[in-house]
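Trainee: Attaching a predicted model along with its sequence, questions to come.
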Amino acid sequence: MNTLGRALKARYGRRLRRVPLDLGLSCPNRDGVSGYGGCVYCDLSGSGTGAAGELSLAQQWQRELARVRRSQPEGPAAIAYLQSYSNTYPDLLPLAAALEFLSGHAETAPIVSVGTRPDCFSPAAAALLAAQLGRFREVWVELGLETADDRVQEIIGRHDRLENFHRACALAREHGIQVVAHTIAGLPGERPGGLLRQVDEAVEAGVSGLKFHQLMVLRRTKLEHLWRQGGVVLLEPRQYIEMVADALERLPGEVVVHRLVAENPPENYLAPEGWPSRAKVHGLIEQELRDRGSRQGARAGA
């Protein structure tokens, strides 16, 4: 499997650790432009650290870099990951300032990755990221695909469209920016084969990387309320392992797998209960492929 760890080791001689950073921004699905309260699964920290309310960007960087340095004391060590909320919204000034700061640390963090919604990725945002290609060795934009079904987008309160994902990917590629797409398995209303369709759409859009996530119930989300009412059916580990193995078979071998399963701190996490550790799930997915006599890309284009 073409995992991120293996890909980075081939390019940099070692694995690089993500340094998650929070600019304290927002999302059009929270401030009323598209909706209020965010997607059903998104918590109050915008699926990030929530650190912006406590620490400056420089303080966040120093704290997270110290954590990374404990395992990698020398050489390039980090991916600067602007994670929380939509980092190209509502305007580009905070992102531009953050990139200016991080460019002074590009030797330590040769990759910068910017998370945002597809409908928030504008030509101006693409141009800003493209301007960083001379400062960093790699520039990524991480786009939430989440579902390839616009009907599900409405069910989960996301208020985005598949066409926006394709438009954003095309815009990034035109500017030489690598795209990492986020998928979610098990969303309410998702039809059988929904994860496979997400992979197919991501491949068609020309992504360079993919993250797989299972639906999780976190505290302080709309999904928590639905779950407590018994209105949410969550995947079992075996279901998820088989779904991801099926998806990997459809994923061309050159696409880097950035994540196979999601996790969240215990203080935020509610369900599904009893899941194996991330390392265990990784191992079970790889074992499933071995048991099938299969591999990533075995059914690509099928």
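Mentor: Here it is on my side, so go on.
Trainee: So which residues of the stretch 101-250 of the chain form strands?
Mentor: 111-116, 138-146, 178-185, 209-214, 217-218 (DSSP state E, counting those that start in this stretch).
Trainee: out of these, nearest to Ile79?
Mentor: strand 111-116 (4.4 Å; Cβ to Cβ). (C-beta placed from N, C-alpha, C; glycine too.)
Trainee: ok, back up a step: export the strands of the stretch 101-250 of the chain as JSON lines, with columns for mean pLDDT.
Mentor: Below are the strands of the stretch 101-250 of the chain laid out as JSON lines (pLDDT from 0 to 100):
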{"stretch": "strand 111-116", "mean pLDDT": "97"}
{"stretch": "strand 138-146", "mean pLDDT": "97"}
{"stretch": "strand 178-185", "mean pLDDT": "98"}
{"stretch": "strand 209-214", "mean pLDDT": "98"}
{"stretch": "strand 217-218", "mean pLDDT": "94"}
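Trainee: Return the most buried member of these.
Mentor: Of these, the one with the most neighbours on average (mean count of other Cβ atoms under 10 Å) is strand 111-116, at a mean of 25.
Trainee: Low-confidence stretches in the stretch 151-300 of the chain?
Mentor: Counting by pLDDT under 70, the stretch 151-300 of the chain contains no low-confidence range.
Trainee: show me where it has helices.
Mentor: 162-174, 194-204, 222-228, 237-250, 278-292 (DSSP state H, counting those that start in this stretch).
Trainee: With distance to Ala125 added, can I get the strands of the stretch 101-250 of the chain in JSON lines?
Mentor: JSON lines is the format used below for those (distance: least, Cβ to Cβ, whole Å):
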{"stretch": "strand 111-116", "distance to Ala125": "7"}
{"stretch": "strand 138-146", "distance to Ala125": "8"}
{"stretch": "strand 178-185", "distance to Ala125": "13"}
{"stretch": "strand 209-214", "distance to Ala125": "19"}
{"stretch": "strand 217-218", "distance to Ala125": "27"}
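Trainee: for the ones you listed, which one sits closest to Ala298?
Mentor: strand 209-214 (15.9 Å).
Trainee: okay, the angle between the closest one and strand 178-185?
Mentor: Interaxial angle, strand 209-214 versus strand 178-185 (axes from the mean of the first three to the mean of the last three Cα atoms, to 10 degrees): 20 degrees.
Trainee: ok now strand 209-214, how far from the chain's centre?
Mentor: Distance, stretch centre to chain centre, for strand 209-214: 7 Å (Cα atoms, centre = their mean, to the nearest Å).
Trainee: what does stretch 223-230 give?
Mentor: 24 Å.
Trainee: And that stretch, what's buried?
Mentor: Within stretch 223-230, the residues scored as buried using 16 or more other Cβ atoms under 10 Å are Leu223, Glu224, Trp227.
Trainee: give me every residue that touches Gly194.
Mentor: Taking Cβ atoms under 8 Å, 6 or more residues apart in numbering, we find Gly194 in contact with Thr147, Ala148, Asp149, Val152, Ala185, Leu187.
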